[in-house]
Every structure is written in C-alpha cells, then in structure tokens.
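Participant: pasting a predicted model and its sequence here:
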Amino acid sequence: MTLALYPGSFDPFHNGHLEVVERAARLFNEVVIAALRNPQKSQGLFDLETRRQMVEESVDHLENVSFITMSKLTVEVASDVGASVIVRGLRVVSDFENELQMAQMNRQLSGIETVFIPTSSSYSFIASRLLREVATYGGDVSPFVPKPVAAIMEQKLPAALREQS
C-alpha cells in the first residue's frame with residue numbers, strides 16, 4: 001500500500017490544493033493532508049482547527065484522504081504516518097526551485113521521495129497569500145476556493161474587517 005503525505009499551510013485551502021489532493025488520491029492508496037503553522041510565512045488567517053474543518057469538508061468525497069496537523073519536520077511526520085512519498089503541488093515554474101530544494105533535503109534526511117503534481121493552468125495563479133489579501137479587503141474569493149471554505153471565510157472575514165477599522 002502506498003501512502004502519500006501532502007503537507008502545507010492550507011491557509012486557506014483552495015481549488016488548486018483540492019485538485020492536487022484529488023489527483024494524488026487517484027495515484028496513491030491513501031493520502032494524508034498535513035497542515036502546519038509555517039513560521040516562515042506571515043501570520044495565519046485561520047487556526048489549525050478551522051483549517052481542519054475547511055479541508056475535511058472539502059475532501060469528504062474522497063474516501064482515501066485524511067487530515068492531520070503537524071508541528072515538526074515533514075520527514076518526521078511522513079515517518080510517523082508511514083508515508084513512502086511526499087506530494088507537492090506546483091503552480092508555476094518559480095515554485096519548482098524551492099520545492100526541488102526541499103525535496104532534495106527531505107531525501108537526504110530520510111530517503112523519502114517527493115512527487116510533484118502540477119496544477120491545471122486554471123489554478124496556477126491561485127495562492128493562499130493572495131486569497132487572504134483579497135478576502136481581507138472585501139474581495140470575493142468564492143470562485144477560487146471549495147464551497148465549505150468560502151462559507152467559513154465569509155463568516156470570519158467580516159469580523160476581521162471590523163477589527164481592523
């Protein structure tokens with residue numbers, strides 16, 4: 001059985017992420033989505049429990065996909081869950097340089113392989129950072145995120161906008 005780990009911040013989970021998960025679910029027996037609070041990225045919009053809710057509701061049509069949170073090295077999480085491969089999505093060519101470097105480091109640390117799944121061109125411009133910015137300033141991001149994510153963002157962001165005023 002091949003278990004794949006798909007790590008990321010998923011803040012928020014968007015249609016590009018969903019496409020990668022759906023494609024990975026067809027390639028591997030099981031896919032574990034692992035969300036983390038990335039200290040190298042700006043302050044998160046959603047806590048890990050809200051991200052869990054968004055992801056689980058968005059992938060509930062996939063029987064071989066589960067969700068966990070992580071707060072340690074990806075290769076350690078991969079070992080903990082029994083993953084034999086790490087899945088990473090690629091949007092644009094510029095993603096590849098950073099992802100390749102991480103894949104090489106992960107392989108040196110643990111021997112685990114990384115599989116890159118490119119998103120469709122219709123999702124290549126979607127980035128969680130951009131969605132957070134657009135939504136925070138009142139823009140409509142619903143075309144770019146699964147319906148459960150759009151509903152949660154709609155609930156959270158009006159309050160966030162009032163707090164910033």
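Facilitator: That came in fine, so what should we check first? Residues are numbered from 1 along each chain as shown.
Participant: show me the contacts for Phe68.
Facilitator: If you look again at residue 68, you'll see it is Ile, not Phe. 32-35, 77, 81 (C-beta atoms under 8 Å, 6 or more residues apart in numbering). Just so you know, the C-beta spots here come from the backbone N, C-alpha and C atoms, and that holds for glycine as well.
Participant: which one of those has the most neighbours?
Facilitator: Ile33 (28 neighbours; other C-beta atoms under 10 Å).
Participant: and the contacts of Ile68, which is closest to Thr136?
Facilitator: Of all the contacts of Ile68, Ala35 has the smallest distance to Thr136: 20.0 Å, by C-beta to C-beta.
Participant: can you list contacts of stretch 13-23?
Facilitator: 6, 8, 10, 31, 33, 51, 54-55, 58-59, 62, 65, 87, 89, 91, 117, 119-120, 123-124, 126, 128, 131, 144-146, 149.
Participant: dump the contacts of Ile68 to JSON lines, plus pLDDT and secondary structure.
Facilitator: Shown next, in JSON lines, are those (pLDDT from 0 to 100; DSSP: H, G, I helix; E, B strand; the rest coil):
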{"residue": "Val32", "pLDDT": "98", "secondary structure": "strand"}
{"residue": "Ile33", "pLDDT": "98", "secondary structure": "strand"}
{"residue": "Ala34", "pLDDT": "97", "secondary structure": "strand"}
{"residue": "Ala35", "pLDDT": "96", "secondary structure": "strand"}
{"residue": "Val77", "pLDDT": "96", "secondary structure": "helix"}
{"residue": "Val81", "pLDDT": "97", "secondary structure": "helix"}
